[in-house]
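Peer 1: Sequence and predicted model, in that order:
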Amino acid sequence: MYLFDLKNKRALITGATHGLGMAMAEGLGDAGAELIITSTTPSKIENALAHYKAKGYKVSGFIFDVTDEKVAAEKVAEIEETIGTIDILINNAGIIKRVPAENMEIADFRQVIDVDLVGPFIMAQLVGRRMIERKEGKIINICSMMSELGRNTVSAYAAAKGGLKMLTRNLATEWAKHNIQVNGIGPGYFATSQTAPIRHDGHPFNDFIINRTPTGRWGNPEDLQGTTVFLASKASDFVNGQIIYVDGGILATIGKPSNE
Ligand code: GCO
Ligand code: CA
């Protein structure tokens, strides 16, 4: 267990008020880490904090927008002064807009890039500068199937998540010498509120995903916990710039006809 032990470690997970972020935070908490969560919505923080506390985790919450570099800088400083060092950063907060490319408003495209790509850079820079001084740190960027593949209606999301994959490799390149490991997790299709609109029974996409995934099911958020703990722990100290896809085998296969 020593290699995966996160006792005396502190993890900041952006978002983490629900869904994949919450499952990853719980995985880190179970491995012994103290948790810090963020959100732009006070009520979401309140509910999530109550949830985590009921489960016995040491946790605190901060309300800010990761795309606002000025406020984010103040908050990261406040966190490190009042709570302690951020040893693990998980850039989890993200949004999606499903609109055909020909109809996508430019303002919407920009907003997705801002939240899903610029936000992670802002947080990585703010926390990374401090990790450089300490000569130690773990940064995990939450990528997507869309870091590798296109899909109808998600042009901005795919552009951002493809960018986040390359940002991961680039930061890994620049900061490996400071003993900071920057890696990514690429979740496949998971049962969360984000996929609820395309997952319900009878939706053609639901059948498509179950058929497209070799394991034959949507992922459960808990399926991400092992990889998260691995990339947050000593076990991954020589792993740099990798994206680990936790996808039930989607990227391994060309897929199969729906009657097979
Ligand atoms: C979509 C999006 C997301 C997925 C995920 C896949 O296809 O609409 O890609 O809904 O949840 O990011 O990895
Ligand atoms: Ca983020």
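Peer 2: Perfect, I can see it now. Ligands and ions are numbered 1, 2, ... in the order given.

Peer 1: for the stretch 51-200 of the chain, what spans make up the strands?
Peer 2: Assigned strands in the stretch 51-200 of the chain, in chain order: 59-63, 88-91, 137-142, 180-187 (criterion: DSSP state E, counting those that start in this stretch).

Peer 1: could those go into TSV alongside distance to ligand 2 and mean pLDDT?
Peer 2: C-beta coordinates here come from the backbone N, C-alpha and C atoms, glycine included. Shown next, in TSV, are these (distance: least, CB to the ion, whole Å; pLDDT from 0 to 100):
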stretch	distance to ligand 2	mean pLDDT
strand 59-63	13	98
strand 88-91	4	98
strand 137-142	8	99
strand 180-187	12	99
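
Peer 1: Most tightly packed of these?
Peer 2: strand 88-91 (a mean of 28; mean count of other CB atoms under 10 Å).

Peer 1: Tell me which strands that one pairs with, and in which orientation.
Peer 2: strand 10-13 (parallel), strand 137-142 (parallel) (DSSP bridges).

Peer 1: Any idea how far the shortest one is from the middle of the chain?
Peer 2: For strand 10-13, the distance between its averaged C-alpha position and the chain's averaged C-alpha position is 12 Å (CA atoms, centre = their mean, to the nearest Å).

Peer 1: Alpha carbons only: can I get it in PDB?
Peer 2: Output in PDB follows, covering the C-alpha atoms of strand 10-13 (Å, rounded to 0.1, in the frame of the first residue of the first chain):
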ATOM      1  CA  ARG A  10      -3.500  17.500   0.000                       C
ATOM      2  CA  ALA A  11      -5.400  17.400  -3.300                       C
ATOM      3  CA  LEU A  12      -7.200  20.200  -5.000                       C
ATOM      4  CA  ILE A  13      -9.900  19.000  -7.400                       C
END
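
Peer 1: Cheers, nothing more for now.
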